[in-house]
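1. Here is my input; please provide its structure:
(4 chains)
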2 protein chains.
Amino acid sequence: MTIANSTSTDDLGSAAQRDRRKRILDATYELATAGGFDAVQMRAVAEQADVALGTLYRYFPSKIHLLVSALGRQFEETAVRLNEREIPGDTQADRVLYVLKRMARGMQGDPKLTEALTRAFMFADSSVANEIHVVGMSMTSIVTHAMHGGVPVEGSITDEDVAVARVLGDVWLSALVAWVTGRSTAAETAAHMDTAIHLILRD
Amino acid sequence: MTIANSTSTDDLGSAAQRDRRKRILDATYELATAGGFDAVQMRAVAEQADVALGTLYRYFPSKIHLLVSALGRQFEETAVRLNEREIPGDTQADRVLYVLKRMARGMQGDPKLTEALTRAFMFADSSVANEIHVVGMSMTSIVTHAMHGGVPVEGSITDEDVAVARVLGDVWLSALVAWVTGRSTAAETAAHMDTAIHLILRD
DNA sequence: AACAAAACTGGAACGTGTTTCTAATTATGC
DNA sequence: GCATAATTAGAAACACGTTCCAGTTTTGTT
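-> Residues are numbered from 1 along each chain as shown, chains lettered A, B, ... in the order given. Alright, predicted model coming up:
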């Protein structure tokens, strides 16, 4: 195993390889943004990234790996961006609602991209465990950070906090899937998240 | 188990058509039970159900429709079976935990089948809205029934109850996906559900 | 600089979901 | 009982994910 290690794009291979990897992920984003899951066709990704199909498969062993990696990169960036600010809101519920709504708004601005990444995530099996773990950790990190209002006191995050964050992450994911697949509107999704957060975080 | 149910599959076409439909769904179950999502190949389903490929597509416009329909049938049966009994447990949390664990155990007994049905459900888009709605309603019905201990007093189910049931259904679904895709063990899934239920239903 | 190993390219080929087409069969109305 | 419409069978063809291979280029070692 050469690729697919842990955090993301670093420390893997030569400059040319890092560049290829970046071109591939960029092409994936572009195609996904324009046409969603179905438009991310491996031949198209390879062509747009200017690599051969075989090379694409050397970097990402399947379409699902490719898309979940892209999702992981996006979540990591979001987590870093959110975790270096202070989260507004007086209660845990307010703050969590704030960040989750913010994320939802961001994703709703790129519906096709979101659809592509979410479908891939839902379809992934255990061979994509590493990439999925990145996403799960980012999500948990975002929620626990919001629960604590942005103060970076690591010691104050308890096991219970993590459990709560995981449950909220689950609900958020289900709601996201419902929205992505056209089964509920953005407003319904927001209301549902509101309900769930107030149920779970009764300050 | 021939008549007297009337939940979904009836009143559609002639006896021969109902029989074909049943043969198709039975073949789907068999193939899914034996080999999971990948083994449910449309050509194989058609052959085993003794219909032509074109006919299969006339009855179910895609593999996803086929599998989600199968899931819907299974959930409906489960809901009917559970809702006619009284649910043991002293608190809402106990009772909900009881039924969800029971369902989980049932599904874990047929892991391949569960994998096939769950993957299809997660991958479905809005064109499968009807079939998905059946699943969602069954799930909500099962949970609200458990919350109320099995007493069939319809008026006692409030909007809040339904909202709670939906959130629990979301968590259950996410946990199920994690288990199905090999990202968590059965024990972890059970523990996670336990956590979520006690977080949300603090009697 | 010479060589070996690894990576890359270009393209063919395979498997499976889906579509399409025509002839045979079955159901329906008069 | 028959004409007509709808349904089904059967098979070919297409689309896209994936695999494979032969030849070429890049990278790393001595």
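2. Not counting its neighbours along the chain, what's nearest the residue nearest the centre of chain A?
-> The centre of chain A sits closest to A:Phe75, judged by Cα atoms, centre = their mean, with a distance of 3.9 Å. Distance criterion Cβ to Cβ, 6 or more residues apart in numbering or on different chains; nearest residue to A:Phe75, sequence neighbours excluded, is A:Ser138 at 3.8 Å. (Each C-beta comes from the backbone N, C-alpha and C, glycine too.)
3. so which helix or strand takes in that neighbour?
-> According to DSSP states H and E, A:Ser138 maps onto helix A:129-147.
4. Pull the number of nearby residues for A:Cys130.
-> That one is not Cys; residue A:130 is Asn. 16 (other Cβ atoms under 10 Å in any protein chain shown).
5. Check the spacing between it and A:Gly136 real quick.
-> Distance of A:Asn130 to A:Gly136, computed by Cβ to Cβ, to the nearest Å: 11 Å.
6. wait, isn't A:Ala129 in contact with B:Ala178?
-> No. Counting by Cβ atoms under 8 Å, B:Ala178 is not a contact partner of A:Ala129; they are 10.5 Å apart.
7. who's more crowded, the two?
-> Looking at A:Ala129 and B:Ala178 with other Cβ under 10 Å, you find the greater number of neighbours at B:Ala178, namely 20 against 14.
8. tell me the SS of the more buried one?
-> helix (DSSP: H, G, I helix; E, B strand; the rest coil).
9. Against DNA strand C, how distant is it?
-> To DNA strand C, B:Ala178 is 24 Å away according to Cβ to the nearest atom of the strand, to the nearest Å.
10. who's in contact with that residue?
-> B:Ala178 is in contact with B:Ser184, B:Glu188, B:Thr189, B:His192, counting by Cβ atoms under 8 Å, 6 or more residues apart in numbering or on different chains.
11. Any chance of CSV for the residues you listed, columns distance to B:Met42 and neighbour count?
-> Shown next, in CSV, are the contacts of B:Ala178 (distance: Cβ to Cβ, whole Å; neighbours: other Cβ atoms under 10 Å in any protein chain shown):
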residue, distance to B:Met42, neighbour count
B:Ser184, 31, 18
B:Glu188, 34, 13
B:Thr189, 31, 22
B:His192, 35, 21
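12. And the furthest pair within the residues you listed?
-> Spatially, the most separated pair among these is B:Ser184 and B:His192, at 7.3 Å (Cβ to Cβ).
13. shared neighbours, those two?
-> Contacts common to B:Ser184 and B:His192, judged by Cβ under 8 Å, 6+ apart, are B:Ala175, B:Ala178.
14. so A:Gly13, which of the three states?
-> Applying three-state DSSP: A:Gly13 is coil.
15. Report pLDDT for it.
-> A:Gly13 is assigned a predicted lDDT (pLDDT) of 70.
16. now the helices for chain A?
-> A:15-35, A:42-49, A:53-59, A:63-83, A:92-108, A:111-123, A:129-147, A:159-180, A:186-200 (DSSP state H).
17. Give me the contact list for the shortest one.
-> Translated: helix A:53-59. A:Ile3, A:Arg20, A:Arg21, A:Ile24, A:Met42, A:Arg43, A:Val45, A:Ala46, A:Ala49, A:Val51, A:Leu66.
18. Just the buried residues of the residues you listed.
-> Among the contacts of helix A:53-59, those classed as buried by 16 or more other Cβ atoms under 10 Å in any protein chain shown are A:Arg20, A:Arg21, A:Ile24, A:Val45, A:Ala46, A:Ala49, A:Val51, A:Leu66.
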